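J.: Following is a predicted model, sequence given first.
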Amino acid sequence: MSGAESLDHVGLCTRDGPALWAAYEALGFQLTPLARQSGRRAPGAPVEPFGTGNRCAMLRQGYLELLAILDPALFDNRLGAFLDRYAGMHILAFGIGGAEAELARLRRAGIDLPGVAHLERPVDDPEGPRARFSRLPLPDAPEGRLQLIEHHTPELLWQPRWLEHPNHAVALESAILVAPAPAESAAALARLTGQVLTPDPAGGYALALPRGLIRILPPEALGAVLPGLTAPDLPFLAGCTVRTDDGNAAVRALLGGRLRPVPGGLMAPPALAGGAALVFTE
């Protein structure tokens with residue numbers, strides 16, 4: 001299959017990793033151990049330690065990456081530039097089957113990419129097995145890190161011990177991008193993923209993948225979709241939706257009045273969810 005197959009993960013970014021990780025544990029997620037990242041600054045460059053690391057909420061479909069700058073003295077892979085805009089969601093990653101084939105497709109579409117980027121990190125023990133990825137980030141995207149990702153070691157990430165969450169979250173279903181020029185952002189995402197755009201009911205565009213959805217909305221639609229939110233800057237990755245398998249019963253029991261009813265579910269506002277809205281759907 002050519003093109004992206006899924007919304008693989010979204011990434012929330014911070015300079016204060018412990019605070020972000022504690023916030024998501026309070027929202028009822030079981031997180032993976034802290035993993036420091038390594039990679040190549042450019043295709044063909046040596047693998048080096050990066051100054052970034054993450055913990056993740058692994059779901060049966062997709063996952064939430066909680067990414068922090070751990071050592072400001074090391075290469076941060078543009079994370080600092082993202083955080084100069086705002087703390088919150090800055091990463092949309094789309095799952096693919098083969099990075100080299102997708103690189104050829106993107107080059108035929110006129111997207112100038114230097115090659116496939118390599119990233120790796122330990123999974124549990126720093127000296128143990130390492131998860132490895134091939135990435136194709138869209139160069140200089142104003143929306144954030146928009147990328148295709150191929151997993152070489154999915155069995156190391158989606159381990160049963162990390163898939164059971166107190167809040168009963170099971171699937172990453174969608175992400176919401178607010179853009180000053182929705183048509184331009186939507187066209188860039190369509191080229192990157194190889195998928196077709198359709199009109200979004202709130203205005204703007206929807207990009208449906210075999211697994212997952214991206215909504216690309218104008219600023220005036222934000223209040224209707226995520227009531228009470230304001231954009232700290234534009235473009236703005238405003239939030240995501242996560243489906244639970246118990247009709248949100250556990251979420252209600254765990255979080256009670258801290259959640260707000262919104263169209264389609266219950267929202268943890270950005271103040272509770274690391275700078276982005278997190279909507280639990282049934």
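T.: Received, thanks. Residues are numbered from 1 along each chain as shown.
J.: distance of Arg41 from Pro139?
T.: Computed as C-beta to C-beta, to the nearest Å, the Arg41 to Pro139 distance reads 14 Å. For the C-beta atoms, the positions are set from N, CA and C on the backbone; glycine is no exception.
J.: More neighbours: which of the two?
T.: Arg41 (13 against 10; other C-beta atoms under 10 Å).
J.: Was I right to think that one contacts Phe75?
T.: Yes - counting by C-beta atoms under 8 Å, a contact exists between Arg41 and Phe75, whose distance comes to 6.3 Å.
J.: Helices of the stretch 1-150 of the chain, start to end?
T.: 17-26, 79-85, 99-108 (DSSP state H, counting those that start in this stretch).
J.: Which among those is found nearest to Pro154?
T.: Proximity to Pro154 (C-beta to C-beta) singles out helix 99-108 among the helices of the stretch 1-150 of the chain, at 14.1 Å.
J.: Give me the contact list for the closest one.
T.: Helix 99-108 is contacted from outside by 2-3, 96, 113, 115-116, 134-136, 148, 150, 191-192, 194, using C-beta atoms under 8 Å, 6 or more residues apart in numbering.
J.: Show me which positions of that helix end up buried.
T.: Judged by neighbour count using 16 or more other C-beta atoms under 10 Å, the buried positions of helix 99-108 are Ala99, Glu102, Leu103, Arg105, Leu106.
J.: Out of the residues you listed, which is nearest to Gly51?
T.: Closest approach between those and Gly51, by C-beta to C-beta: Ala99, at 24.2 Å.
J.: what's around Ala22, how many residues?
T.: That count, for Ala22 with other C-beta under 10 Å as the rule, works out to 12.
J.: Kindly report the same for the one 3 residues further on.
T.: Glu25: 16 surrounding residues under other C-beta under 10 Å.
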